[in-house]
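# Would you be able to build a 3D model of this:
(chains A, B and C)
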Amino acid sequence: MIVRFGYVAMSVQLENASPSKTMTMRTFSRLANREAALRKLESIARENLRNTLRLLKHNRYMDVHVYRLTSKLIPLATHGDLADWDPYAPLADEFAEVGAFAKEHGIRLSFHPDHYTVLSTPRPEVYAASVKDLAHHVQMLEMMGLDERATCNIHVGGTYGDKKAAGRRFAEHFRRLEPRIARRITLENDDKTFSASETLDLCEQVGAPMVLDLHHHAVNNPDGVAPEAIWPRIRRTWDLRYGGALPPKIHASSPKSPSDPRGHADYVDPAPLVAFLIRIAEDTPAVDVMIEAKRKDESLLRLMDEMKRLEAAGAPLTVTGGASVEVYCKRS
DNA sequence: ACCTGTCAAGTCTGG
DNA sequence: CCAGACTTGACAGGT
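Got it, this is the predicted structure:
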């Protein structure tokens, strides 16, 4: 099984390469010349896209082929007071350049719209804002010229004291989305609300691939199911959508501390991750692993070093590149 | 150069 | 019904 590793949003190795520079509404509204302020927003976004391209070049150099784009590429993009502003057209070339580089070098890109996007909400205005945010992310992927393998990963959302009703509302809201948006959405199990089993049920209902977060599963697993026990169903959600043309994606991170088990640690403990990978290796041809750690790309490099050590110690894996590993199934 | 409070957005908890 | 926590990188305003 081929395993590729990736990281989120920014590098701790590249200097002055933030893809998430911003301007707050407070600052924007204090600027006297609104047109100039909008041009300023565009120039910040242009710089964010330029740094994103630098990050992709860095990824290629490190042999990293999985990367999550930051949602903050365009500051205030979906803010209600800026509804008359079209931030996309002026940035068309920059978006196209980022997408072209990713395609040329086979880098799998995704977004993770943050927790304000809540499809399980009972509030119409929150649902409308969520649709707007999803449309924004999908438009950016389209402007990059990326096909439906470039996705937006979200959580199911809040439960509002009645998880069953919230799940039904989620499915109903999901089915109302335009197909070009719905077909880009993946669902991730949550560390507090919808567990892996519950998220998987909804994925099967609405036809969305499921991103299994191993850390979230470790801290929110009410029915005590082993991740490899539900893995065949998770794989199927990907195969149904992509027919085997896109490996399933999982998230890996480690608890920050015993007192904050849900927080993300600086680095990733390889042991539970490798154990899981070995258990699914037999009937999974490929999987991509998004590393969510405070030390970003540095944690990825450290993880690969530890993989090499495990390989030397006889673990059933071979480090095949800067950020990829072949894992073999254990023969009993 | 460095420190601290704040930021567009939602939900949950506790008072 | 409302304040605060949650969580995160970066701004803004201060020293």
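# pLDDT score for the residue nearest the centre of chain A?
Compute the mean C-alpha point of chain A, and by CA atoms, centre = their mean the closest residue is A:H112, 4.5 Å away. Looking at A:H112, its pLDDT stands at 96.
# cool, and A:R331?
Looking at A:R331, the pLDDT reads 63.
# and the residue of the stretch 101-250 of chain A nearest DNA strand B?
In the stretch 101-250 of chain A, the residue that lies nearest DNA strand B is A:G158 (2.6 Å; CB to the nearest atom of the strand). Quick note: C-beta positions are derived from backbone N, CA and C, even for glycine.
# ok now do that residue, which residues does it touch?
Contacts for A:G158 (CB atoms under 8 Å, 6 or more residues apart in numbering) come out as A:118, A:120-121, A:166, A:193.
# which pair in those residues spans the largest distance?
Greatest spatial distance among the contacts of A:G158 (CB to CB): A:T121 and A:T193, at 12.3 Å.
# hey, what's in contact with both of these two?
Joint contacts of A:T121 and A:T193 (CB under 8 Å, 6+ apart) are A:157-158.
# Following the chain past the longest helix seen in chain A, name the next helix or strand.
Secondary structure of chain A per DSSP state H: the longest helix is helix A:34-62. Sequence order places strand A:66-68 as the next helix or strand after helix A:34-62, per DSSP states H and E.
# Heading C-terminal from that following strand, find the next helix or strand.
Once strand A:66-68 ends, the next helix or strand along the chain (criterion: DSSP H and E) is helix A:92-104.
# In terms of secondary structure, what does that following helix contact?
Helices and strands touching helix A:92-104, by 3 or more CB pairs under 8 Å, 6 or more residues apart in numbering; DSSP states H and E, are helix A:34-62, strand A:108-111, helix A:124-143.
# buried residues in the first one?
Pointing back at helix A:34-62 there. For helix A:34-62, the buried set under the neighbour-count rule, 16 or more other CB atoms under 10 Å, comprises A:37-38, A:40-42, A:44-46, A:48-49, A:51-53, A:55-56, A:58-60, A:62.
# same question, the last one
Going by neighbour count (16+ other CB under 10 Å), the buried part of helix A:124-143 is A:126-127, A:129-131, A:133-134, A:136-143.
# And for stretch A:171-185?
Neighbour counts over stretch A:171-185 (16+ other CB under 10 Å) mark A:171, A:173-174, A:177, A:181-182, A:184-185 as buried.
# Identify the farthest-apart pair in those residues.
Largest pairwise distance in the buried residues of stretch A:171-185, by CB to CB, is 17.2 Å, between A:A171 and A:R184.
# What pLDDT is listed against the closest residue to A:S324 other than its chain neighbours?
Nearest non-adjacent residue to A:S324, counting by CB to CB, 6 or more residues apart in numbering: A:R4, 4.6 Å away. Listed pLDDT for A:R4 reads 98.
# what about A:P258, neighbour count?
6 (other CB atoms under 10 Å).
# interface residues of the stretch 1-150 of chain A facing DNA strand B?
By the rule CB under 7 Å from any atom of the strand, the part of the stretch 1-150 of chain A lying against DNA strand B is A:24-26, A:28, A:72, A:75-79, A:114-116, A:118, A:120-121, A:123, A:125-126, A:129, A:133.
# Check which helix or strand the residue of the stretch 101-250 of chain A closest to DNA strand B maps to.
In the assignment (DSSP H and E), A:G158 maps to no helix and no strand.
# quick one: contacts of the helix or strand hosting the residue nearest to A:S324?
Here A:R4 sits within strand A:2-8, counting by DSSP H and E. Strand A:2-8 has contacts (CB under 8 Å, 6+ apart) with A:64-68, A:108, A:112, A:247, A:277, A:285-293, A:296-297, A:299-300, A:303-304, A:320, A:323-327.
# Could you do stretch A:162-180 as well?
Here stretch A:162-180 makes contact (CB under 8 Å, 6+ apart) with A:119-122, A:127, A:130-131, A:134-135, A:138, A:142, A:156-160, A:182, A:185, A:193-194, A:198, A:201-202, A:205-206, A:208.
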